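Visitor: I'll drop the sequence and a predicted model, then ask my questions.
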Amino acid sequence: MNKTDPGHFFEDFKLGQRLVHATPRTVTAGDVALYTALYGPRFSLFSSDEFARACGLAAAPVDPLVAFHVVFGKTVPDISLNAVANLGYAEGRFLAPVFPGDTLSAVSDVIGLKENSNKKTGVVYVRTTGTNQRGEAVLSYVRWVMVRKRDQDATIAEQTVPALSSAVAPADLVIPPGLDFSTYDWTLAGAPHAFEDYDIGEKIDHVDGMAVEEAEHQMATRLWQNTAKVHFNQFERNKDPSGRRLVYGGVVISTAKALSFNGLQNAGLILAINGGRHVAPFFAGGTVFAWSEVLDKADLGNVGALRLRLVATKDRLCDDFPDKDGEGAYNPAVILDFDYWAAVPKRG
Amino acid sequence: MNKTDPGHFFEDFKLGQRLVHATPRTVTAGDVALYTALYGPRFSLFSSDEFARACGLAAAPVDPLVAFHVVFGKTVPDISLNAVANLGYAEGRFLAPVFPGDTLSAVSDVIGLKENSNKKTGVVYVRTTGTNQRGEAVLSYVRWVMVRKRDQDATIAEQTVPALSSAVAPADLVIPPGLDFSTYDWTLAGAPHAFEDYDIGEKIDHVDGMAVEEAEHQMATRLWQNTAKVHFNQFERNKDPSGRRLVYGGVVISTAKALSFNGLQNAGLILAINGGRHVAPFFAGGTVFAWSEVLDKADLGNVGALRLRLVATKDRLCDDFPDKDGEGAYNPAVILDFDYWAAVPKRG
Amino acid sequence: MNKTDPGHFFEDFKLGQRLVHATPRTVTAGDVALYTALYGPRFSLFSSDEFARACGLAAAPVDPLVAFHVVFGKTVPDISLNAVANLGYAEGRFLAPVFPGDTLSAVSDVIGLKENSNKKTGVVYVRTTGTNQRGEAVLSYVRWVMVRKRDQDATIAEQTVPALSSAVAPADLVIPPGLDFSTYDWTLAGAPHAFEDYDIGEKIDHVDGMAVEEAEHQMATRLWQNTAKVHFNQFERNKDPSGRRLVYGGVVISTAKALSFNGLQNAGLILAINGGRHVAPFFAGGTVFAWSEVLDKADLGNVGALRLRLVATKDRLCDDFPDKDGEGAYNPAVILDFDYWAAVPKRG
């Protein structure tokens, strides 16, 4: 019996199949410290137990992106070990906060399959759910990846492309139970900007730039037990035209999110991921910059929500908001286009 | 409304002004592990809960420099985002030990302002206080920085240069409550050298050298949510004559302090910072060496205190104690001159 | 009195001497997070408190290699500061699991001394024991190192070379108390391979490759307070023909062990170290690959044990199991040959 896991090839996936991912993981204060060291986030809700308690929570939850990275990492050996490309995300919803001490595990349901016309690859759509030790779902999202076929001649029985929402509806956003911004300390949070202060269409240059080193992205990726070879195997990457290890896209998301503090100081709590695209590969040595655009607003009662677009560039300032041109082609410096909902306190 | 924080310029500071800094931070065992991984400190008091308990404490406190870095990091966005240079420290006192689980926040009072004759910059003096979740001050120190003016024509109303002590008086040193070295385990601590064994004027070469990598200083600096651009923004630093990211001075202090174990094994507990000067910039790739000089001694009753001068060099051995020459010019290899008080057990 | 620790030279060691090592260390969740970030291990037993509880333990213990690195690190200042070479390990046994919160300390007994014929160096054999805060031994192993003499003319009184077992006998393996694999979750563990599925002589290529950066091995080594100069002092290493800092051998062991998950998913719990040899030096920038061979099997009743040989290479695939040739000379890519026992669940 071959004991080395070869990963799944396109013809191994079946519509309706459920993949139970290995290696449940207890999230700890050590992960939070590393997350801080790797990205430098400054959102008080995740930085201070006291601040989080004043917002009605039991302690500081981890940044929702930590839960995302943990769950994503679990899925890699089963979903994307033989992937050619990570094509997109949709319908991501954070369903319960995660605290140090919680243990996360993950399952994925195959909801779509579409063979490519070259018969060499196909696109797999999965809905992944992360749950905590009480069996509560903490996160759910759809991801689609292009996966190689083992055998070009293998026939694919049932195929379908799932209908996916372009954005999570405000009614589907889940506010962490107990969250209460009525005594929100704007000074400790770092800025007075409330839900009411943001306008649809408003763009914010986050100004700061952050260089990423090889050791940093490797540590950031291994921390989540993400094993994708392209991030670590330099010997093999020497054969790639780039000759470089690829930085895990999640590193770019977390770096840009941390940079977004400067202008979105009160919008740290991601509620949903509407979509995301890694527009261009990113390699160590580059400096990441970012800007945001307010796409939409939703009044959820006790709190507000902003739908934000977070665009990251490599080695290029964002003071002129580099974007797509009229024909949809991105400015060549853009590496990430990420669409999410975040909770924001209302001035009340 | 511009939501990106531009930081304060010289004319924004007023004498008597209090700045409440954002992003309170809960210190955890994760921070301690990272501090160990980044510097390799070996002082038993901070390494072992059991050792600390045998010294009368509830558990191992964090190295006082951890508290210093956390509090310093909080002040950067308000004090030194537009700083030209970090000029000095004085009157630093550690007032209560910090344990994992404590949440630190910081305020700074503007105690001095002095415009430079070129009208482009001025020196701001602040007294910063870090407090824990019970409102107890854990640390207080004065720092002065040279800050750019936004508008060269802005007039500065009230100016004063505060009188600062050249050293904290022994009577003002605060010993952590409960600290009891009467059953101190010299073997587990790593050396038999007691308060009585150190002589004023004695110099100690710490022998070992420690290289610092880009990833290490970036992680060390982000860990404390210190956002100063010069440490991270390589794209912008390419325009600097050095072409390099500057290493945060606190990294040099912590590296040299960890090296000082070899000779000062029982003097890990810093009680006060009398002064400090980053004599020359330090860049990744260099190897740090250090030596110490005993400047003074104080018998505090149950414990002794040594006033120590910690000098660090770059890529140069310290076996001949490289120092200032007769005219006060430093040996070109010196990068740090740091003056502090540390508690040391008495032989009793 | 010279306060800088010069370390022990060969003539300082005496047969029967006990060295009590300094700097006891409390292991925490922060160490576990760093271990994960540095190596990317995926064994569920160490990753998830819930999984460990389902296996009868109170919580997830740390990887036994963490205990090994901590204890090994303590011994460096006393044993190997003046070492020329780390020659081997034997009779390593893990005697009790270590959990975050435990404080480890270490002692070494000198059990062998053998001066080399050149009179410049000698080989020191020590049996090192790590104990927790309850005084329970958690780990014991023999290590021998070649150490420089301070004075070539010093005479060595008593010399002996201890008789060492080539492997720990199955009867001497200690299973963590309470360990119960009867409801082992093979899916969450990542593979269905049980004790019964492994054959003596079977070889497994672990396929994946992992690059190691300077910052990573420095952090990994400092984390365990291992102070050996060759890992950190680049200034001094510039004089070495390699011009490079040596990677601590333990980094290679842990990297290879993490890679071994792919094929040995259920064999994460090391029970004993039979031997180990760092066949060639390893420097940052290289990519580590690994393969394993099943040397022996032992049915311990409730669990099985596999005796495994873990061979690591640098910048070379292991699909053809690079090994020693007929004359015992290693393939030039091999950097580690490590022999250990691991617990494996039986299918039952």
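Guide: Nice, thanks for sending it over.
Visitor: check the secondary structure at the residue in chain A that chain B sits nearest to for me.
Guide: Closest approach between chain A and chain B, counting by CB to the nearest CB: A:A33, at 2.7 Å. Bear in mind the C-beta positions are built from the backbone N, C-alpha and C, glycine included. Local secondary structure at A:A33 is given as helix here, using DSSP: H, G, I helix; E, B strand; the rest coil.
Visitor: report the contact partners of the residue lying closest to it once chain neighbours are set aside.
Guide: Once flanking residues are discounted, A:A33 sits nearest to B:G30: 2.7 Å by CB to CB, 6 or more residues apart in numbering or on different chains. When contacts are counted by CB atoms under 8 Å, 6 or more residues apart in numbering or on different chains, B:G30 touches A:T28, A:A29, A:G30, A:D31, A:V32, A:A33, A:L34, C:T28, C:A29, C:G30, C:A33.
Visitor: would you format those residues as JSON lines with distance to A:N233 and pLDDT included?
Guide: What follows is the contacts of B:G30, written out as JSON lines (distance: CB to CB, whole Å; pLDDT from 0 to 100):
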{"residue": "A:T28", "distance to A:N233": "28", "pLDDT": "98"}
{"residue": "A:A29", "distance to A:N233": "31", "pLDDT": "98"}
{"residue": "A:G30", "distance to A:N233": "26", "pLDDT": "98"}
{"residue": "A:D31", "distance to A:N233": "24", "pLDDT": "98"}
{"residue": "A:V32", "distance to A:N233": "28", "pLDDT": "98"}
{"residue": "A:A33", "distance to A:N233": "27", "pLDDT": "98"}
{"residue": "A:L34", "distance to A:N233": "22", "pLDDT": "98"}
{"residue": "C:T28", "distance to A:N233": "31", "pLDDT": "98"}
{"residue": "C:A29", "distance to A:N233": "29", "pLDDT": "98"}
{"residue": "C:G30", "distance to A:N233": "28", "pLDDT": "98"}
{"residue": "C:A33", "distance to A:N233": "23", "pLDDT": "98"}
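Visitor: Produce a ChimeraX select command limited to the buried residues of these.
Guide: A single ChimeraX command is used to select the members of the contacts of B:G30 judged buried by 16 or more other CB atoms under 10 Å in any protein chain shown:
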select /A:28,29,30,31,32,33,34 /C:28,29,30,33
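Visitor: in this structure A:G190 contacts A:F261, no?
Guide: Yes - contact status for A:G190 versus A:F261: in contact at 7.2 Å, counting by CB atoms under 8 Å.
Visitor: overlap in contacts of these two?
Guide: Each of A:R42 lies in contact with both A:G190 and A:F261 under the rule CB under 8 Å, 6+ apart.
Visitor: ok, the two, which is more surrounded?
Guide: Under the criterion of other CB atoms under 10 Å in any protein chain shown, the comparison of A:G190 against A:F261 puts A:F261 first, with 28 against 22.
Visitor: ok, the more buried one - contacts?
Guide: Shown in contact with A:F261 (CB under 8 Å, 6+ apart): A:P41, A:R42, A:F43, A:G190, A:H206, A:G268.
Visitor: and chain B, which of these reach it?
Guide: A:P41, A:R42, A:F43, A:G190, A:H206 (CB under 8 Å from any CB of the partner chain).
Visitor: let me have these in TSV, extended by distance to chain C, secondary structure and pLDDT.
Guide: Below are the ones next to chain B among the contacts of A:F261 laid out as TSV (distance: CB to the nearest CB, whole Å; DSSP: H, G, I helix; E, B strand; the rest coil; pLDDT from 0 to 100):
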residue	distance to chain C	secondary structure	pLDDT
A:P41	16	coil	98
A:R42	20	coil	98
A:F43	20	coil	98
A:G190	26	coil	97
A:H206	26	coil	97
